[in-house]
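Chemist: sharing a sequence plus its predicted fold:
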Amino acid sequence: MAIDEAVDTIRTYIDNDTDGISYPVLIDADHLLTELYAISNVPSVLLIDGDDTIVQPNWNAYATDTFTEFHGIDSSAQLDAIRRWVLDGETMMAPDEVRDAVDDLSDDEEQARLHFRLATHLRNRGDEDGSERNFERACRLAPYDFTIRRASMPLRGGNPFGDEFFELVAEYVEAGAPYHGVQHSGRRA
Amino acid sequence: MGYRPAMTHAQIAILDSGPVVESSSLPELLGWTLKPEGLCRDERCVIVPDRSALESNGSVDLREVAALLDRPVAVDDVAGLVAVGAERWQRRDALHDLRAPDFRLPDLDGTFHALSDHRSKKRLLVAFSSW
């Protein structure tokens, strides 16, 4: 699920995947899932049982070690945990822990998602002022939410891998790293 | 009134020309119909405590309708655009009852897929991005 409207970029990921992709890759340009599941950053991985029970919520997990130098996460332990769930039904967290892992969105965070949606919509119809007005408002309402602030960077002419990203990370850490989910290997933020 | 839905979705909507719309457009805009028994979708109805306060001259304020449906609203007065979010109980289901809310999204070819298409299977969802 790409929390993204850059469809062509997502397509290059799939075209460049030499292993082939056997699962659906979906485009969530309106960030519906960040509202429904209180997702606040990517990657966020959820494990859902056959009866629709969430057994692992909003987990900061990785399939490769491409960014391990930056975040310090070892992907192989996470992949092993996923295999144990698939093969043996072994879960990483008790239901109470799952329940405690993700705080509900604040009213501001909820409003920020709607203003982000208005901003991308206005941008797509060429209303730059209207778009900027709503991006600015969304970022003010949810200053530590990466699905708002970082996601808005390329849409506002910025660079989500540039200085402004590292400034956001510094602000986020300074604010106590607020995150809706399970950071690293099972520990809560 | 000349408004039109700029974009509709199973669960969210962004609407042109401000928060007052004709009642008859609600099914198209939000998926709910204003009936004598309340606001209804399929077999489900939400009671409207004061119909005359909600509707006047065949029009309703979307903010009032959204409040009855427990959906958040954001309005951009300058652009005359309204965003209506998802029903909050869906996120509460996820966070408190650990029930995964269903959703429908398009793939790269525009074909829609729902989480419920794969019910009874274990599912691994990855939220990722290019940013």
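Modeler: Ah, there it is. Numbering: from 1, shown residues only, chains lettered A, B, ... in the order given.

Chemist: quick one: distance of the longest helix along chain A to the chain centre.
Modeler: In chain A, taking DSSP state H as the definition, the longest helix is helix A:107-124. Distance, stretch centre to chain centre, for helix A:107-124: 16 Å (CA atoms, centre = their mean, to the nearest Å).

Chemist: looking at chain A, which helix or strand does the model trust least?
Modeler: Across the helices and strands of chain A, the lowest-confidence element by mean pLDDT, DSSP states H and E is strand A:187-188, at a mean of 42.

Chemist: picking up where we left off before, which residues touch the longest helix of chain A?
Modeler: A:5, A:29-31, A:34-35, A:38, A:40, A:105, A:130-135, A:137-139, A:141-142, A:145, A:147-148, A:151-152, A:155, B:6-7, B:12, B:14, B:72-74, B:76, B:79, B:81, B:83-85 (CB atoms under 8 Å, 6 or more residues apart in numbering or on different chains). (Glycine included, C-beta is placed from N, CA and C.)

Chemist: and for stretch A:8-25?
Modeler: Residues contacting stretch A:8-25 (CB under 8 Å, 6+ apart): A:Met1, A:Ala2, A:Asp4, A:Ile27, B:Asp107, B:Leu108, B:His113, B:Ser130.

Chemist: neighbours of the second one, how many?
Modeler: With neighbours defined by other CB atoms under 10 Å in any protein chain shown, the count for A:Ala2 comes to 24.

Chemist: give me the beta-bridge partners of it?
Modeler: A:Ile27, B:Phe128 (DSSP bridges).

Chemist: thought it was touching A:Ile27?
Modeler: Yes. Counting by CB atoms under 8 Å, A:Ala2 does reach A:Ile27; the two are 5.3 Å apart.

Chemist: quick revisit: so of the contacts of helix A:107-124, which ones are in helices?
Modeler: Short answer: the contacts of helix A:107-124 in helices (DSSP H) are A:34-35, A:130-135, A:137-139, A:141, A:151-152.

Chemist: can I get those residues in JSON lines with neighbour count?
Modeler: As requested, those are arranged in JSON lines below (neighbours: other CB atoms under 10 Å in any protein chain shown):
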{"residue": "A:Thr34", "neighbour count": "28"}
{"residue": "A:Glu35", "neighbour count": "28"}
{"residue": "A:Gly130", "neighbour count": "20"}
{"residue": "A:Ser131", "neighbour count": "23"}
{"residue": "A:Glu132", "neighbour count": "17"}
{"residue": "A:Arg133", "neighbour count": "18"}
{"residue": "A:Asn134", "neighbour count": "29"}
{"residue": "A:Phe135", "neighbour count": "24"}
{"residue": "A:Arg137", "neighbour count": "19"}
{"residue": "A:Ala138", "neighbour count": "29"}
{"residue": "A:Cys139", "neighbour count": "21"}
{"residue": "A:Leu141", "neighbour count": "21"}
{"residue": "A:Ala151", "neighbour count": "25"}
{"residue": "A:Ser152", "neighbour count": "24"}
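
Chemist: tell me, which of those make contact with chain B?
Modeler: A:Thr34, A:Glu35, A:Gly130, A:Arg133, A:Asn134, A:Ala151 (CB under 8 Å from any CB of the partner chain).

Chemist: leaving out chain neighbours, which residue sits closest to the fifth one?
Modeler: Going back to what we said before, that points to A:Asn134. In this structure, A:Asn134 finds its nearest non-sequential neighbour in A:Ala119, 3.5 Å apart by CB to CB, 6 or more residues apart in numbering or on different chains.

Chemist: pass me the low-pLDDT residue ranges in the chain, would you?
Modeler: No chain was given, so I picked chain A. Scanning chain A for pLDDT under 70 picks out A:184-189.

Chemist: that was the other one, I meant chain B.
Modeler: For chain B, the stretches with pLDDT under 70 are B:1-18.

Chemist: strands of that one, residue ranges please.
Modeler: Ranges of strands in chain B, per DSSP state E, are B:5-8, B:13-16, B:20-22, B:33-35, B:38-41, B:44-46, B:55-56, B:59-61, B:73-76, B:81-84, B:104-106, B:112-114, B:123-127.

Chemist: right, so those: which one is the most enclosed?
Modeler: strand B:81-84 (a mean of 26; mean count of other CB atoms under 10 Å in any protein chain shown).

Chemist: which residues does the residue of chain B found nearest chain A bridge with?
Modeler: Relative to chain A, the nearest point of chain B is B:Ala74 (3.5 Å; CB to the nearest CB). Beta bridges link B:Ala74 to B:Ala83, judged by DSSP bridges.

Chemist: wait, isn't it in contact with B:Ala66?
Modeler: No. In this structure B:Ala74 lies outside contact range of B:Ala66 using CB under 8 Å: 10.1 Å.

Chemist: okay, and the common contacts of those two?
Modeler: Between them, B:Ala74 and B:Ala66 share no contacting residue, judged by CB under 8 Å, 6+ apart.

Chemist: most distant residue from the centre of chain A?
Modeler: A:Asp88 (27.5 Å; CA atoms, centre = their mean).
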